[in-house]
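Enquirer: What follows is a protein structure lacking sequence information:
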């Protein structure tokens, strides 16, 4: 598949790129201007930015495309698992 075919396929699924970029950048701007943004860990910021990207695709393109929703769950699980692991390590340290 050449790049033009890839872009056409993505456009059919996610809508035009400018529309997607507009939605996504507005979401990211709101996040960056929130009170807690600077205090987040890198993985938390990246997860929220990837969620913004996926939400932009959902709102601009095919809202019934399962993969977009599935990816959102995956990104949040990565942070949730790290936080749970940190909590378990802290609990073990306190117990000792």
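Expert: All right, it came through fine. What you see is a predicted model; the values in this text were computed from it and never measured. Numbers count the residues shown, from 1 in each chain.
Enquirer: Please make it C-alpha for all contacts and neighbour counts, starting now.
Expert: Noted.
Enquirer: How about the secondary structure of residue 35?
Expert: Three-state assignment for residue 35 (DSSP: H, G, I helix; E, B strand; the rest coil): coil.
Enquirer: What is the burial count for it?
Expert: By other CA atoms under 10 Å, the residues close to residue 35 number 8.
Enquirer: cool, and residue 36?
Expert: Around residue 36 there are 9 residues (other CA under 10 Å).
Enquirer: Residue 53 contacts residue 19, correct?
Expert: No - applying CA atoms under 8 Å as the test, residue 53 and residue 19 come out as separate, 11.8 Å apart.
Enquirer: okay, those two: which has more neighbours?
Expert: Set side by side, residue 53 and residue 19 show more neighbours around residue 53, with 20 against 15, by other CA under 10 Å.
Enquirer: on contacts alone, who are the packing partners of whichever strand or helix holds residue 26?
Expert: Assigned by DSSP states H and E, residue 26 falls within helix 17-32. If you count contacts as 3 or more CA pairs under 8 Å, 6 or more residues apart in numbering; DSSP states H and E, helix 17-32 packs onto helix 42-60.
Enquirer: quick one: contacts of stretch 41-48?
Expert: Contact partners of stretch 41-48, identified using CA atoms under 8 Å, 6 or more residues apart in numbering, comprise 37, 75-76, 79.
Enquirer: Redo these as JSON lines? Include pLDDT and neighbour count.
Expert: Listed next are the contacts of stretch 41-48 as JSON lines, based on pLDDT from 0 to 100; neighbours: other CA atoms under 10 Å:
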{"residue": "37", "pLDDT": "98", "neighbour count": "13"}
{"residue": "75", "pLDDT": "97", "neighbour count": "18"}
{"residue": "76", "pLDDT": "97", "neighbour count": "16"}
{"residue": "79", "pLDDT": "97", "neighbour count": "17"}
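Enquirer: Just those: which are in helices?
Expert: The helices, defined by DSSP state H, take in 75-76, 79 from those.
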